[in-house]
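Q: have a look at this prediction, sequence included:
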Amino acid sequence: MKLIPYNLVNLKSGFFFDKEELNRKTTINAVYDRFTETGRIGSFKHGYPEKDPVQPHYFWDSDVAKWMEGAAYILANHPDPALEARVDEIVEDIAEHQHEDGYFNIFFTVVQPENRWANRDWHELYCAGHLMEAAVAYAEATGKTKFLSCMEKYADYIAKVFMEDHAAAFDTPGHVEIELALVRLYRHTGNQRYLDLAAYFINTRGTENDRNRVAYNQSHLPVREQTEAVGHSVRAVYLYTGMAYLAAETGDESLISACKTLWEDTTHRKMYVTGGLGSTYIGEAFTTPFDLPPDQAYTETCAGIALCFFAKAMLALENKAEYADVIERALYNGVLSGLSADGAQFFYENPLEINLSERFTSVWGARRFPAHRRVACFGCSCCPPNINRLLPTLGGYVYGLEGDTLYINQFADSDMTDGNVTAAISTAYPNDGRVTVTATGVSKLAIRVPAWCDTYTLNKAYTLTDGYAVVDNDGTPVILTLDLTPRKVWADSRVLRAAGQAAVMKGPVVYCAEGVDNGEGELHNYILPADITAAETPCESCNLPNLTVNCLKRVADEGGLYRNTPPKTEAATLKLIPYHAFANREETDMRVWFLSE
């Protein structure tokens, strides 16, 4: 299907709208301010070391480029002269300091100019890709082309270095990203050379023509021979997204098949219940199938965002609701947990369990203690601007169109117009399961029935096809009603660290408990009943409800460290909050998986 672009969709109210507005009013400025304070914005003036004492890092170009891309998406729907002026100033700096041959990289201009294209792992192509994506977004949003012209010149130079002269010390990027950007640059300009360069990088990767092949950056095998998600999780899923982008343009069936195989391994064996990816901090990487430890989960925010990109790219190849289901899982849980309720602080990693009592053991190296407080900026601050560029485009995940069928992929109070096709969704989802859809200009509606939903009704006759309820459209409202009763969810029996445990979900939202509500050091003692009933109360940190569940709780006694009798239990209540809202109050324990009857 063709996903209807974000700038043709108007989010009107509700969960997605609130997050989009938080980003527009707060987060985009908070990230800019932190990037100014840390020297990232100023580094584009190339003043180091004579005029600027702050030495830039080799990935700073990408941090700012993602911010610029996010700003462009905001400007497309919400003109803001001050924000546009900030972007324009950076564009002027890029144009002024771009080399005559087209090269642009701050670090390798002012710090180590002698090492241009010398090290695959130093992110030159990664930075170039993010700058190209930002340039396309800015041209589409504002009609201004100076930035785009700079990046076309850069892309032409990169094509000469890598595809024609083979003049670099490596053959493909250490951190995939430019492949996605080149396809976008091709789609915007129509210049076949950019698609050819994207294909060159993807087709060369892992072959005998690719030097220094390693699994960590997914260059261990040619991409069509890769069957497992391995190595650095963000790099991996960016690669898979780039493969899907290329396949959509070329129709390459072998590439499409590889994408489906890698999707299967990623989401059916290595994805957390929150939609998070990456089970270890060592290399920020995937590990083995079903190795999903909650307290050691790395689940980088960027990996969750990359998963949304991959799923969206797969929807463009195949009309299967499974891809939209995964987008929903990630967005409502493991992506938005990366952003604080006030929109100004961030998680890089998103654990599923925090035990404050284990901090002492981490001092002695017995185990790693996970992140438990958000911060305003990181040394490697890739995640905050990635949130900046995702949230303004949430509308682009809602509608899809193929032929005379309009697809409803996500449920957001919204409307859209694309040529002669118009549509509107009226809903308070995920607080309410009623979704009303009206449309003109199409003969059929295909409305996703979420995989998590066992009970639903539709007010019209339908056929269920690949997870979509397909109805004939006569212009009258189609009403889907989903059962949002809170429920228990169990992991696959091969997930060792979730054995004998269950999580609680309401609709697409994963819930967790915090020690501040239920007792520090006590969360592991709560036992969910066979059937749960939950009372709802307002959440202090978001517009979704908290849940209070009746359960049992193990009681400490003086029977010795080990004994021949089971621990005593007592009736208790367990307060649960939406997972994405954890760590918005005081420092505290947190848990997603609970013992269960």
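A: Everything's here; your move.

Q: ok, now which ones touch the closest residue to G276 other than its chain neighbours?
A: Excluding the flanking residues, the one nearest G276 by C-beta to C-beta, 6 or more residues apart in numbering is T299, at 2.9 Å. No exception for glycine: its C-beta is placed from N, CA and C like everyone else's. For T299, the contacting residues are Y272, T274, G276, L277, G278, G334, E349, N350, P351, L352, by C-beta atoms under 8 Å, 6 or more residues apart in numbering.

Q: how close does the nearest residue to R24 once chain neighbours are set aside sit to P538?
A: Excluding the flanking residues, the one nearest R24 by C-beta to C-beta, 6+ apart is I74, at 5.2 Å. Between I74 and P538 the computed distance is 29 Å (C-beta to C-beta, to the nearest Å).

Q: give me the more crowded residue out of the two.
A: I74 (23 against 10; other C-beta atoms under 10 Å).

Q: that one contacts P392, doesn't it?
A: Yes. Assessed by C-beta atoms under 8 Å, I74 is found in contact with P392 at 4.9 Å.

Q: between the two, which contacts overlap?
A: Shared contacts of I74 and P392, counting by C-beta under 8 Å, 6+ apart, come down to N23, R24.

Q: now the protein, which segments are flagged as low pLDDT?
A: Where the chain drops to pLDDT under 70, the residues are 360-367.

Q: and S414, backbone torsions?
A: phi -170, psi 170 (degrees, to the nearest 10).

Q: that one touches V9, doesn't it?
A: Yes. Contact criterion C-beta under 8 Å: S414 and V9 qualify, at 5.7 Å.

Q: overlap in contacts, the two.
A: Joint contacts of S414 and V9 (C-beta under 8 Å, 6+ apart) are G395, V398.

Q: which stretches of the stretch 251-400 of the chain form strands?
A: 353-354, 399-402 (DSSP state E, counting those that start in this stretch).

Q: how far off centre is the shortest one?
A: Looking back up the chat, that one is strand 353-354. Distance, stretch centre to chain centre, for strand 353-354: 21 Å (C-alpha atoms, centre = their mean, to the nearest Å).

Q: what helices or strands is it leaning on?
A: Counting contacts by 3 or more C-beta pairs under 8 Å, 6 or more residues apart in numbering; DSSP states H and E, strand 353-354 packs against strand 590-591.

Q: and after the strand it packs on, which helix or strand comes next?
A: strand 594-596 (DSSP states H and E).

Q: who does that following strand pair up with?
A: strand 501-506 (antiparallel), strand 526-528 (parallel) (DSSP bridges).

Q: which of those sits most buried?
A: strand 501-506 (a mean of 22; mean count of other C-beta atoms under 10 Å).

Q: so how far is it from its chain's centroid?
A: On C-alpha atoms, centre = their mean, the centre of strand 501-506 falls 22 Å from the chain's centre.

Q: and what of stretch 184-201?
A: For stretch 184-201, the separation from the chain centroid amounts to 24 Å (computed by C-alpha atoms, centre = their mean).

Q: C-alpha coordinates for that stretch, CSV please?
A: C-alpha atoms of stretch 184-201 as CSV (Å, rounded to 0.1, in the frame of the first residue of the first chain):
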residue,chain,number,x,y,z
ARG,A,184,14.5,9.1,-0.3
LEU,A,185,16.8,11.4,-2.3
TYR,A,186,16.0,9.4,-5.4
ARG,A,187,12.3,9.6,-4.7
HIS,A,188,12.4,13.3,-4.3
THR,A,189,14.8,14.2,-7.2
GLY,A,190,14.2,11.3,-9.6
ASN,A,191,18.0,11.0,-10.0
GLN,A,192,18.7,7.4,-10.8
ARG,A,193,22.3,7.7,-9.6
TYR,A,194,21.1,7.9,-6.0
LEU,A,195,19.1,4.7,-6.2
ASP,A,196,22.1,3.0,-7.9
LEU,A,197,24.3,4.1,-5.1
ALA,A,198,21.9,2.8,-2.5
ALA,A,199,21.7,-0.5,-4.4
TYR,A,200,25.5,-0.6,-4.6
PHE,A,201,25.9,-0.3,-0.8
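
Q: where do the helices of the stretch 301-450 of the chain begin and end?
A: In the stretch 301-450 of the chain, the segments counted as helices under DSSP state H, counting those that start in this stretch are 301-315, 321-329, 359-363, 383-390.

Q: correct me if wrong: Y579 contacts G276.
A: No. Y579 is not in contact with G276 according to C-beta under 8 Å; the separation is 9.9 Å.

Q: so which of these two has more stuff around it?
A: A count of neighbours by other C-beta under 10 Å puts G276 above the other of Y579 and G276, at 31 against 26.

Q: now the more buried one, what are its backbone angles?
A: The phi/psi pair for G276 (degrees, to the nearest 10) is phi -80, psi 150.

Q: right, and it touches G334 too?
A: Yes. Here G276 reaches G334: they are 3.8 Å apart, a contact under C-beta under 8 Å.

Q: which residues touch the residue sitting nearest the centre point of the chain?
A: The residue lying closest to the centre of the chain (C-alpha atoms, centre = their mean) is I305, at 1.1 Å. Taking C-beta under 8 Å, 6+ apart, we find I305 in contact with A330, V335, N386, I387, L390.

Q: now Y245, nearest residue through space, not along the chain?
A: Here the residue nearest Y245, using C-beta to C-beta, 6+ apart, is V183, at 4.1 Å.

Q: name the element the one you found belongs to?
A: For V183, the element it lies in under DSSP H and E is helix 178-189.

Q: roughly how far apart are K160 and R193?
A: 10 Å.

Q: would you map the strands across the stretch 451-597 of the chain?
A: Ranges of strands within the stretch 451-597 of the chain are 456-458, 463-465, 468-472, 478-482, 487-489, 501-506, 509-514, 526-528, 534-538, 545-555, 568-578, 590-591, 594-596, based on DSSP E, counting those that start in this stretch.

Q: what about T26, which SS state?
A: The three-state label given to T26 by DSSP: H, G, I helix; E, B strand; the rest coil is helix.

Q: and the residue nearest to it when sequence neighbours are not counted, what does it touch?
A: Nearest residue to T26 in three dimensions, chain neighbours excluded: G343, at 3.7 Å (C-beta to C-beta, 6+ apart). Residues near G343 by C-beta under 8 Å, 6+ apart: L22, N23, K25, T26, T27, A30.
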